[in-house]
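Chemist: Dropping the sequence and predicted coords here.
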Amino acid sequence: MRNSKSPRYGILLLFLINALGAYAPEPKLPVEPRNQDIVMPISPYFTDHIKQEEIVIRSIGIDFDNLHEAVTRKCPIGSPDDPPEIFNSSASYLGDIVKAGQVKFRRSLDIMAQDNAEGKAELEKYSFESFKMATTVFKQLDNTIASMPSLVETFELIKEMILRQGGWRYPTGTPRQTNLQNLAYDIYSAQVDLEQDLIKIPADRKYEFLRKWGDAHDKIAKYVLWAKNMRSWAYTYLNSDVSKVLLSDWKDPGRIGSGNTFVQPELSYQLVFLRYSQWAACWQNPLMRIIGWAINTMGPLPYPGAPKFYQRTTMSETELKEEVKKAEENRKALEQRTATLEAEHARLLAEKTRMLELLKERDNLAAEAERLKVELLTQTRESVPIYPTPVNAQGSKVQPRGGRGGKMRKKLVPPRTELTNGENSQNGRPPTPGSWSWWRSLLKPRDPNQDNLPQNPPQ
């Protein structure tokens, strides 16, 4: 008996698999070639890729839109021709603050240079240990002012790149779907031939796009780091109250890039450099997100193979119209069902609110009843006298009447009656006729004032 695991049977099995695979309806796609250009039809391959990656490409476009607004309105470079609300958020406005403060600082530095009591007092105001330290701080601010033209030049080049780059809403004159497709071409640095319906993508794919905007991001990041370092430096050397006086003629622009909120009542050098870092970060953050979207989220190109979201149909025009009609009916039914559910949801919410109100009212009534109960019990206790239990001489409790059983016999008390005509009574009762008390009452002399009173007849 032959072994079923012999190499001969393995080779035969691989041959059969390959032979059957040649007739499979969806053959295995070849691996995308590396280090060479790709030429493919725009439709359906690249069109399908745009549909597949639409969310990512649109997110990149929205961040480019944010960059357009940043460089023109939220955090511009700044020009004297800009309106005040735009110029006050610019780098030029922050530079003017430092320049104006430097003019006042020069006057203080001249006083510090004097070798007398006034010079020493001026140094103490700024918390400088020596005139050399004051001079070093002044030169640092001078270097900052001298580097501003370089900053403006660098950011002007980046601004031109941003304004040339389309996004989701920009350019505003073209449909957004067209902007989305053009942005996809830019991401892959593609050459497009619309007549031949072909697209040529270079070997480095989207990495040309990443290098371009990555370089811009790195330049901006250097200025963000510089501004943060200058803020720490200002906290160390220009943190006195008198240094704030140097900037007292200027107003804080607020948090640049975030609606100019958190405006401070007075400026300081460390606050100015904080606004510098916020201004540069207003450019940096959208670029950081764009690069992240392009590197970490976008999928590979569909080379070459059946697209995932594109499929030719074999249905006739009449069948297509029927499908469209059914889809429209389903949509209307869904909308009607949605409206019904929303109405039912609103009714249930109203019912829930009413029930909650009733439960709250019940709790209030229960609390009020409990309060009245406690109040009534308190009043009853206060109105009813409390007598101590009597005790005998030995300290034991007195036994109640009626013997040991503890039951008290009912005491019979005759009703009281009024006595007239001098009737005598015993224990509140009239004398019995024929008794000695009765005869004695007859023999008792009468009061003349009672002659006119009616007499009780003898019984």
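Modeler: Looks like it arrived, so ask away.
Chemist: Averaged pLDDT, stretch 334-349. What do you get?
Modeler: The average pLDDT within stretch 334-349 is 89.
Chemist: CA atoms only for it, dumped as PDB, please.
Modeler: Only the C-alpha atoms of stretch 334-349 are listed here, as PDB (Å, rounded to 0.1, in the frame of the first residue of the first chain):
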ATOM      1  CA  LEU A 334     -38.800  54.400   5.300                       C
ATOM      2  CA  GLU A 335     -39.300  58.100   5.700                       C
ATOM      3  CA  GLN A 336     -42.900  57.500   6.700                       C
ATOM      4  CA  ARG A 337     -41.900  54.800   9.100                       C
ATOM      5  CA  THR A 338     -39.200  57.100  10.600                       C
ATOM      6  CA  ALA A 339     -41.800  59.900  11.000                       C
ATOM      7  CA  THR A 340     -44.200  57.500  12.800                       C
ATOM      8  CA  LEU A 341     -41.400  56.200  15.100                       C
ATOM      9  CA  GLU A 342     -40.300  59.700  15.900                       C
ATOM     10  CA  ALA A 343     -43.900  60.700  16.800                       C
ATOM     11  CA  GLU A 344     -44.200  57.700  19.000                       C
ATOM     12  CA  HIS A 345     -40.900  58.400  20.500                       C
ATOM     13  CA  ALA A 346     -42.100  62.000  21.300                       C
ATOM     14  CA  ARG A 347     -45.300  60.700  22.800                       C
ATOM     15  CA  LEU A 348     -43.500  58.200  25.000                       C
ATOM     16  CA  LEU A 349     -41.100  61.000  26.200                       C
END
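Chemist: So which residues make contact with that stretch?
Modeler: Residues outside stretch 334-349 that contact it (C-beta atoms under 8 Å, 6 or more residues apart in numbering): none are found. To be clear about C-beta, it is placed using only N, CA and C from the backbone, and glycine gets the same treatment.
Chemist: How about stretch 206-218?
Modeler: If you take C-beta under 8 Å, 6+ apart as the criterion, stretch 206-218 is touched by 158, 161, 186-189, 202, 284, 287-288, 290-291, 294-295, 298.
Chemist: Return the distance of it from the chain's centre.
Modeler: On the basis of C-alpha atoms, centre = their mean, to the nearest Å, stretch 206-218 sits 34 Å off its chain's mean C-alpha point.
Chemist: Identify each buried residue in that stretch, please.
Modeler: Neighbour counts over stretch 206-218 (16 or more other C-beta atoms under 10 Å) mark Lys206, Phe209, Leu210, Trp213, Gly214, Ala216, His217 as buried.
Chemist: Export those as TSV, with columns for secondary structure.
Modeler: Below are those laid out as TSV (DSSP: H, G, I helix; E, B strand; the rest coil):
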residue	secondary structure
Lys206	coil
Phe209	helix
Leu210	helix
Trp213	helix
Gly214	helix
Ala216	helix
His217	helix
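Chemist: Pick out the lowest-pLDDT one from the residues you listed.
Modeler: Ranking these by pLDDT puts Lys206 at the bottom, with 80.
Chemist: Can you pull the phi/psi pair for that residue?
Modeler: With angles defined as degrees, to the nearest 10, Lys206 shows backbone torsions of phi -80, psi 0.
Chemist: and if you look at Leu198?
Modeler: According to degrees, to the nearest 10, Leu198 has phi -130, psi 150.
Chemist: Could you double-check that it sits in contact with Ser43?
Modeler: No: in this structure Leu198 lies outside contact range of Ser43 using C-beta atoms under 8 Å: 10.2 Å.
Chemist: where's the closest residue in space to Tyr126 that isn't next to it in sequence relative to Tyr269, distance?
Modeler: Using C-beta to C-beta, 6 or more residues apart in numbering and skipping residues adjacent in sequence, the residue nearest Tyr126 is Ser240, 5.3 Å away. According to C-beta to C-beta, to the nearest Å, Ser240 stands 10 Å off from Tyr269.
Chemist: how close does Leu274 get to Ile220?
Modeler: The value you get for Leu274 to Ile220, if C-beta to C-beta is used, is 17 Å.
Chemist: ok, Ser240 and Tyr269, which is more surrounded?
Modeler: Tyr269 (24 against 14; other C-beta atoms under 10 Å).
Chemist: Near the residue lying closest to Val263 once chain neighbours are set aside, how many residues? Count them for me, please.
Modeler: Closest residue to Val263 apart from its sequence neighbours, by C-beta to C-beta, 6+ apart: Gly254 at 4.2 Å. By other C-beta under 10 Å, the residues close to Gly254 number 17.
Chemist: from what I can see Gly254 touches Leu267, true?
Modeler: No: Gly254 lies out of contact with Leu267 (C-beta under 8 Å); the separation is 11.4 Å.
Chemist: which SSE is Glu370 in?
Modeler: helix 317-383 (DSSP states H and E).
Chemist: show me what contacts the residue nearest to Val263?
Modeler: Gly254 sits next to Asn260, Thr261, Phe262, Val263 when contact means C-beta under 8 Å, 6+ apart.
Chemist: Pull up the gap between the last one and Glu129, please.
Modeler: When C-beta to C-beta is applied, the distance between Val263 and Glu129 equals 34 Å.
Chemist: Which residues are in contact with the nearest residue to Ser258 once chain neighbours are set aside?
Modeler: Counting by C-beta to C-beta, 6+ apart, Gln278 is the residue found nearest to Ser258 once chain neighbours are left out, at 7.5 Å. Contacts for Gln278 (C-beta under 8 Å, 6+ apart) come out as Cys75, Arg255, Ile256, Gly257, Ser258.
Chemist: of these, buried ones?
Modeler: Buried subset of the contacts of Gln278 (neighbour count, 16+ other C-beta under 10 Å): Cys75, Arg255, Ile256, Gly257.
Chemist: Kindly reformat the residues you listed as CSV containing secondary structure.
Modeler: Below are the buried ones among the contacts of Gln278 laid out as CSV (three-state DSSP):
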residue, secondary structure
Cys75, coil
Arg255, strand
Ile256, coil
Gly257, coil
